[in-house]
Structures are given as C-alpha cells and as structure tokens.
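>>> all I have is the shape, not the residue letters:
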C-alpha cells in the first residue's frame, strides 16, 4: 500500500510517524447517488495499541476544504497509536464525485453518515466508531453522533456549530452583504442570467471579502493548508453562504449521549472560546479543553498539544 504525502506549508515541519507504523488504501462510500472517496489509515502490528479490530475515526474536512488539508497528519498519528482513520471528501470536492465545490451542510452531514455506514462494512475494522470534525465539520460530527447509534464517541475541534452566528460575528454590514450574495447566487442558479453578480465567492478571503472564511490572517492560514498538488479552487457557489447561514446544530447537543471531546482555542476568532464553552456545557458527556491556540494553529504550531489531548481522549474512551 502507498500513500501520497500532502505538501503544504502549515504541516511540513511536523513530526510525522514512520511509514512502517501504518498502511493506507482508498475507500469509497455511496453518498446520495454519487461516490465519496477518501483514504483509510490502518495501524500496523507494531503500533502502540493492538491493531486487531481497531476502532475507526471518521474524519470530514474543514469548511470548503479537501480531506488532504490538515487531516493526513492527524490520521497518521491516530493510526500510529493503534486506531484506524478514514478521511473523506464531501461530494463536489477532492476525490469524490463532482467538482462544483458547493458547501452544502445538509449534504455534508449525509456524507458523514454514509462514511460511518461504510467503515462498518470493512473487514478487520472494529465495531467502534468515532466521529471527528474540526471547525464547521465539528457540527457534522456532532450531528451524526446524535443520529447514528453506531457512533461511540465524538471529537469536536475548534467547533463552529451555528452558521448564522458565525456569519453575524463579522458585523451587520458584512453579514448582510454575505447573505445578499448568497440569495443572488441561489436565484441565479434557478434563473440563469436573471440576476448578475454573486455567482461565486471565495472560500478563504480577507475580512472585507464576501468569503466563507473571512477574518484577519485567515486567508493565509487557510491557504497554507492546501496540498500543493490539489486541483482545489478558492471559490464556491455564492448560494453556499445562504446554506451556511441556515445551518445550526446547537439544539441537538443535549441529545448527544456519547463521550464528546470539545477542544477550544483561546485566540480563535472564528469559533470564539466562550461560544465553544457554552456548547460543551450542553453535552451530557462532554470533556472541554481550552488551549492557547487559534483556529488554524492546531494544525501547525499547536499541533502537538492538540493531538495529545485527542489521543488521551481516545485512550479514556476505549480503555478496557
């Protein structure tokens, strides 16, 4: 089995486990009539935990991202510790069917559920499943943890759980412009040529942009995660902004009955620490961790403390 090592600025200096500690292969899930593809990481027999029938961590990418953006280094560490990991692309992104790069929270949640169902069909994997998500993907992981009985635990890293609140933090003017662009884009899809402008917006932009991710220094940090060999484009249909504004899973948190790790960054402007703490308080079996990190440093300069807490959580959940 072979793996391609993603080359991106944010993670190129991380301490990666030796290749002998894990193996990888492609795995495909059926996602609403199309195919979602990703990479399954399997622990080798010399990993620090038994490799027989390992629990599997299902990992969806950040908002607007591909599964090669930041997740491979995390999946490698899980596999080196004796867990399997499956990082997959949403429909329209990366190796999955389609290339429109539409951000569709409802569709992405369905893809998560399909990925959970798929790993349960793989021989030699254990029956235990962990849903994992960072940023907006944390909302999908918590949603599937509440919906799917097969999920035994969930990890929400720097979570963004309420899309409307996320956009409103920019201020009324930027919020109104973002939603307006989304409405124009959605109408333009229904009536081609009927309304000009607003057909595509950047995924990562500067604070003044009508972008999905728009905050000081966010554009550079986001683009540093992009795999240099990726065909990803920094754009999404403008209607994605309207879909984001309508997405909110906070009312489901009290019904997430499995152990949940919630990791917050004290300097995170996209997922403010007070909002993350309130969300963690609503989880019946939540473990809340606050790190001196921002939204993106958990992939780079604060990677080691962040992954350390994640591995400790898995050890606690699956301790005999």
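That came through fine. No experiment lies behind these values; they were computed from the predicted model shown. Residues are numbered from 1 along each chain as shown.
>>> now the helices for the protein?
71-80, 105-119, 137-147, 163-168, 172-190, 218-224, 239-246, 273-281, 303-317 (DSSP state H).
>>> quick check: mean pLDDT across the fifth one?
What it means is helix 172-190. For helix 172-190, the mean pLDDT works out to 56.
>>> what does stretch 272-280 give?
Per-residue scores along stretch 272-280 average to 97.
>>> which one of the helices of the chain lies nearest to residue 90?
helix 105-119 (4.9 Å; CB to CB). Where C-beta positions appear, they are placed from N, C-alpha and C, glycine not excepted.
>>> and stretch 13-23, what's buried?
The neighbour-count check on stretch 13-23 (16 or more other CB atoms under 10 Å) flags 14, 17, 21-23 as buried.
>>> stretch 268-282 now?
For stretch 268-282, the neighbour count (16+ other CB under 10 Å) marks 268, 270-273, 275-276, 279-280, 282 as buried.
>>> which one among the residues you listed gets closest to residue 62?
Residue 62 has its nearest neighbour among the buried residues of stretch 268-282 in residue 270, at 10.1 Å by CB to CB.
>>> how much space between that closest one and residue 314?
25 Å (CB to CB, to the nearest Å).
>>> give me the distance between residue 157 and residue 102.
To residue 102, residue 157 is 24 Å away according to CB to CB.
>>> and those two? Which one has more around it.
Just comparing residue 157 and residue 102: by other CB atoms under 10 Å the higher neighbour count belongs to residue 157, 30 against 19.
>>> with residue 223 as the reference, measure out to that one.
Using CB to CB, one obtains 20 Å as the distance from residue 157 to residue 223.
>>> repeat for residue 264
Taking CB to CB as the measure, residue 264 falls 24 Å from residue 223.
>>> show me what contacts residue 147?
residue 113 (CB atoms under 8 Å, 6 or more residues apart in numbering).
>>> now, the most widely separated pair of the buried residues of stretch 268-282?
Put simply, by CB to CB the two of the buried residues of stretch 268-282 set farthest apart are 270 and 282, 19.7 Å from each other.
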